[in-house]
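[1] Here is the input, now give the coordinates:
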Amino acid sequence: MTDAAITQPVARRRSALSFLWQRQLDHYPDTGPRLLYLGIVVLATIVLYYELYVGGSVAPSIISQYHMSFMFYVDISVVSNALGAFSSLIAGLADRWGRANLVTYGLVVTGLLILVAIPSTSNEWTFATVVCAVGFVEGIILVATPALVRDFSPQLGRASAMGFWTLGPVVGSLVVAEVASHTLSAGATPPWHGEFVICGVVGLVMAAIAILGLRELSPALRDQLMVSMRDRALIEARAKGLDISESLKRPWRQMLHLDIIGSAFAISVFLLIYYTAV
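    Residues are numbered from 1 along each chain as shown. Model (predicted):
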């Protein structure tokens, strides 16, 4: 009884801020919370693409201020996207740190870089370095967001959920154009700074929403196949008997199959074409 009396207050103190890191759900959520989580993920994706594309709305001003060539500016985008592709490999840490945590605190990092770091750059090389840092972090987050969509979508509704996720790059581009068309003459000096400040504030607001509202399934739950919402009780029962430590052994061997590698290669080629078009 003495040990319990001593440890209970400690557990309560630790749990006061546990929501900042412990985001795993031990039960599959009902329709209302599940749609809320999916909505947060879709909004986060839109904001991430807004952050990724905001430089395009003021590229002539940036090139002029730093006296860089157009090719140099294009090269910054190429290197930033290449770093994002490389950093997506790091998203494997999601099983250890949590997918929701990668999205939430990645939004904090990108928001601060865009709000504070980019407007503070003094020359083309510091600007290029910060832009590449943003691309590196976004590469990690943009792997975690579709994974969260998959987790919260039974197979019978997953196509619709992923369709909403793909609104991210399209709506992100439209947001960039809409915001720039109404704010470029707002008086910021130089004018392009204001676009990054607005974008950074939006990113931090989205991060706050994710901190308060975004959750994820526990590894035991998300490893279960869920065809429809009727399978919820079944997957929860299966999850209770799943050995998590055993399922996380030899992750590379689990992934080195033709259907997985082939799909990854195909979507990579598609994205190269897509980013070239953008």
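
[2] could you pull out the strands for the stretch 1-150 of the chain?
    In the stretch 1-150 of the chain, the strands defined using DSSP state E, counting those that start in this stretch lie at 24-25.

[3] how about low-confidence regions in the protein?
    For the chain, residues meeting the criterion pLDDT under 70 lie at 1-21, 91-96, 155-158, 185-189, 219-248, 278.

[4] 80 - rerun?
    Using pLDDT under 80 as the threshold, the predicted model of the chain has low-confidence ranges 1-31, 88-98, 151-162, 164, 185-191, 217-255, 271-272, 274-278.

[5] any idea how far residue 271 lies from residue 124?
    Distance of residue 271 to residue 124, computed by C-beta to C-beta, to the nearest Å: 27 Å. C-betas here are computed from N, CA, C, even on glycine.

[6] Just want to know which of these two has more residues nearby.
    It is residue 124, of residue 271 and residue 124, that has more neighbours when counted by other C-beta atoms under 10 Å, with 18 against 12.

[7] Would you confirm that that one contacts residue 72?
    Yes: here residue 124 lies in contact with residue 72, judged by C-beta atoms under 8 Å, at a distance of 6.6 Å.

[8] Residue 275 is in contact with residue 82, isn't it?
    No: counting by C-beta under 8 Å, residue 275 sits too far from residue 82 to count as a contact (10.4 Å).

[9] all helices of the stretch 151-278 of the chain, in order?
    Counting by DSSP state H, counting those that start in this stretch, the stretch 151-278 of the chain has helices at residues 158-165, 167-183, 191-213, 219-222, 232-240, 244-247, 251-255, 258-277.

[10] Dump these to a markdown table, plus distance to residue 57.
    Compiled in a markdown table, the helices of the stretch 151-278 of the chain are given as follows (distance: least, C-beta to C-beta, whole Å):
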| stretch | distance to residue 57 |
| --- | --- |
| helix 158-165 | 23 |
| helix 167-183 | 4 |
| helix 191-213 | 6 |
| helix 219-222 | 37 |
| helix 232-240 | 44 |
| helix 244-247 | 45 |
| helix 251-255 | 38 |
| helix 258-277 | 17 |
